[in-house]
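Colleague: just to be clear, the model below is a prediction. Sequence and coordinates:
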Amino acid sequence: MPIVGSFAGASARAYGLGAGGVQIGDFESIATTTLSSNQSTVTFSSIPQTYSHLQLRCSVLTSVTLGSAAKIQFNGDTATNYSYHSLYGTGSGTGSIGNATQAQGWAYFTGNTTSASAHIIDILDYANTNKYKTIRVLEGFDVNGPTGYVGLTSGNWRSTSAITSIVLTADSGTMNTNSIFALYGVKA
């Protein structure tokens, strides 16, 4: 008997190994944006408060090479109450970076104009008004050469407010035409 089955007509689903192989979560599409022109920001607003967590999946082309990044802002908050730390590897080495008092959270949208970078951004307990919000990011791209990149970032937004909007802002350059941003709600 398979642990994971398929469900016709269902949205993207996540499966867990709960007691007896019970399904423990669903991903439901909230909104998807495909850029029709180069932009420095992408916004998701009026986020419903009916999910346990959020996940943002991105495929991003940028106007600059390795080193471009995007910051994540919640509810229009530009104060220095975001923090992050990141581990990364390139074709030529590894490194780490972090900041305890960042104005807006940090998520590397590293890539270039010819190879899209992939990002999975989890925003945990986004609607919980009793705790700070935690974010984790897995990202990377490959160009079949020495400038590939893989990174793992985590951080938090030190606010107990429920997240109702997300703004992604390019730190340098732009997020280019045909970049895709898809926001999902995760049900527990």
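Modeller: Looks like it came in fine.

Colleague: now do the buried residues in stretch 69-82.
Modeller: By neighbour count on 16 or more other C-beta atoms under 10 Å, the buried set for stretch 69-82 is 69, 70, 71, 72, 73, 74, 77, 81, 82. To be clear about C-beta, it is placed using only N, CA and C from the backbone, and glycine gets the same treatment.

Colleague: please settle this for me: is residue 162 part of a strand?
Modeller: No. Read with DSSP: H, G, I helix; E, B strand; the rest coil, residue 162 is coil and lies in no strand.

Colleague: that one and residue 101: what is the separation?
Modeller: 23 Å (C-beta to C-beta, to the nearest Å).

Colleague: which of the two has more residues huddled nearby?
Modeller: Ranked by neighbour count (other C-beta atoms under 10 Å), residue 162 and residue 101 place residue 162 first, with 15 against 10.

Colleague: list the contacts of that one.
Modeller: For residue 162, the contact set (C-beta atoms under 8 Å, 6 or more residues apart in numbering) comprises 49, 126, 127, 128, 129.

Colleague: quick check: closest non-adjacent residue to it.
Modeller: In space, and not counting its chain neighbours, residue 162 is closest to residue 127: 4.6 Å by C-beta to C-beta, 6 or more residues apart in numbering.

Colleague: just to revisit the earlier point, which one (most neighbours) among the contacts of residue 162?
Modeller: residue 126 (24 neighbours).

Colleague: before we move on, back to that, am I right that the residue nearest to residue 162 falls within a helix?
Modeller: No. Using three-state DSSP, the assignment for residue 127 is coil, not a helix.

Colleague: surely it touches residue 49?
Modeller: Yes. Residue 127 is within contact range of residue 49, at 4.4 Å (criterion: C-beta atoms under 8 Å).

Colleague: tell me how far residue 45 lies from residue 33.
Modeller: Counting by C-beta to C-beta, the gap from residue 45 to residue 33 is 11 Å.

Colleague: residue 83: what secondary structure?
Modeller: Three-state call for residue 83 (three-state DSSP): strand.

Colleague: so who does residue 123 touch?
Modeller: For residue 123, the contact set (C-beta under 8 Å, 6+ apart) comprises 53, 54, 55, 56, 133, 134, 135, 163, 166.

Colleague: all strands of the chain, in order?
Modeller: 13-14, 25-34, 41-44, 53-60, 70-74, 82-90, 93-102, 105-107, 117-124, 133-141, 149-157, 166-170, 180-187 (DSSP state E).
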